[in-house]
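S.K.: here you go, sequence then predicted model.
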Amino acid sequence: MSVIETHLSWVFLTSRFAWKMKKPVRHAGSDLRSLGARERDCRREFRLNRRLAPNVYLAVVPLTRDRARSLAVNGSGRVVDWLVQMRRLPASRMLDCMLRAHTASAEDLRAVSATLAAFYGALPRLEIDGARYLRYLGDLVDANERDLCDPALQQDVAAVAALCDCQREALERLQPCLERRVREGRIVEGHGDLRPEHVCLVRPIQIIDCLTLSKVLRTVDCADEAAFLALECERLGSRQAAQALLREWRRASGDRPEAALVHFYQSVRAAVRARLAGLHLREKAYCGSSHWIARTRCYLRLAHMHLQHCRRLMDTRAGLPD
């Protein structure tokens, strides 16, 4: 057995299964210090992830301890914690690994796009008004600027401020488009963290590890989430896969958001990822880490590049996708 530790969990890996146990901690609005809270969190994770990975998320089971103090999964003793039981997926079939190995086929990318299109198409549309959605996007830009301008993150503060000012300008110019997306019911409770390392290219496609802590952060435009996955493929060096995913998703879903909007979403998401990468530098273990400094700067370069594409398309009024 091997163990993977994250901020909020331990994952115990056996030959066939992965068993996730929540840490008894309070973190970022989530208090998991009680046994009941950890059970509720396990059940929420199970329910949400079954939407896109029903073959992976198998059960929520108790960890028990008997009178001899022996631990057992789903035993007859006292419940001391809760586990999410998952089927292990082949690491070699995860999208990030296959992009690095140049083994992801056009058929694989079509299958991912079709899976996402079907998922979004089946979701209930959320009751959200345009003004609230615009405020949410503006708050994201504000949070990115606030954290990325922290000297501990070692970024070019003037460049970050200029980027965020231009994103606010783009947000204002795209307001009619964004309000139309809301009226069309394009805002859903999606995955929330749709990255290549969460996509497994088996049949049927399995997409794991959705963001479970916050419904607000799972509340996204379908186009925003598809654009984010494409952005992450691009960061891994596969711009061709990124373009194919967006093209096939548009075809499968029938949704054709303006290209300027797609680039705007990618710029904002890249800045969010830059902020999350940079925040590692506040931690004692990673202070001054060249890895996280470089990762932050990589995302900021992508944010600048996609914002330039967005502004050029808005200026030329050529906002429709190819």
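M.R.: Happy to help now that I have it. Numbers count the residues shown, from 1 in each chain.
S.K.: wait, Leu174 sits on Met314?
M.R.: Yes - taking CB atoms under 8 Å as the definition, Leu174 is a contact partner of Met314 at 7.5 Å. Heads up, the C-betas are built off the backbone N, CA and C, glycines and all.
S.K.: overlap of the contact sets of the two?
M.R.: Ala260 (CB atoms under 8 Å, 6 or more residues apart in numbering).
S.K.: identify each buried residue in stretch 197-216, please.
M.R.: Neighbour counts over stretch 197-216 (16 or more other CB atoms under 10 Å) mark 198-201, 205-213 as buried.
S.K.: between these, which is nearest Arg47?
M.R.: Thr212 (9.1 Å; CB to CB).
S.K.: and the gap between that closest one and Ala162?
M.R.: 35 Å (CB to CB, to the nearest Å).
S.K.: again with Gly192
M.R.: Taking CB to CB, one finds Gly192 at 28 Å from Ala162.
S.K.: lowest-pLDDT helix or strand in the chain?
M.R.: strand 26-27 (a mean of 83; mean pLDDT, DSSP states H and E).
S.K.: what residues does the very next helix or strand once past it touch?
M.R.: Downstream of strand 26-27, the next assigned helix or strand under DSSP states H and E is strand 30-31. By CB under 8 Å, 6+ apart, the residues outside strand 30-31 that reach it are 8, 37, 41, 213.
S.K.: my read: the last one touches Leu32, true?
M.R.: No - counting by CB under 8 Å, Leu213 does not reach Leu32; the two are 9.9 Å apart.
S.K.: Gly192 and Ala162: which is more packed in?
M.R.: Counted by other CB atoms under 10 Å, Gly192 and Ala162 do not tie: Gly192 has more neighbours, with 20 against 12.
S.K.: who touches that one in this structure?
M.R.: 210-211, 214, 217-218, 220, 225.
S.K.: what's the neighbour count on Leu279?
M.R.: So Leu279, with other CB under 10 Å, has 17 neighbours.
S.K.: going forward, count from 201.
M.R.: Okay, using 201 as the starting number, the last item reads as Leu479.
S.K.: pLDDT score for the spatially closest residue to it that is not a sequence neighbour?
M.R.: Excluding the flanking residues, the one nearest Leu479 by CB to CB, 6 or more residues apart in numbering is Asp347, at 6.4 Å. Here the pLDDT value assigned to Asp347 is 95.
S.K.: mind listing the helices in the stretch 201-350 of the chain by residue range?
M.R.: Secondary structure of the stretch 201-350 of the chain, counting by DSSP state H, counting those that start in this stretch: helices at 235-249, 295-300, 306-322, 330-348.
S.K.: just the CA coordinates of the second one, formatted as PDB?
M.R.: As requested, C-alpha coordinates have been extracted for helix 295-300 and formatted as PDB (Å, rounded to 0.1, in the frame of the first residue of the first chain):
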ATOM      1  CA  LEU A 295      -5.100  13.000 -20.200                       C
ATOM      2  CA  ASP A 296      -2.000  14.900 -18.900                       C
ATOM      3  CA  CYS A 297       0.200  11.800 -19.200                       C
ATOM      4  CA  MET A 298      -1.100  11.100 -22.700                       C
ATOM      5  CA  LEU A 299      -0.600  14.600 -23.900                       C
ATOM      6  CA  ARG A 300       3.000  14.500 -22.600                       C
END
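S.K.: for the protein, which helix is longest?
M.R.: helix 490-516 (DSSP state H).
S.K.: what does the average pLDDT come to for it?
M.R.: Rounded mean pLDDT across helix 490-516 is 95.
S.K.: list the contacts for the nearest residue to Leu326 once chain neighbours are set aside?
M.R.: Here the nearest residue to Leu326 in space, its sequence neighbours aside, is Ile387; by CB to CB, 6+ apart that works out to 5.3 Å. Under the criterion of CB under 8 Å, 6+ apart, the neighbours of Ile387 are 325-326, 328, 333, 381, 419-421.
S.K.: where do the strands sit along the chain?
M.R.: 202-205, 209-213, 217-222, 226-227, 230-231, 257-265, 271-273, 278-287, 387-389, 399-400, 406-407, 419-421 (DSSP state E).
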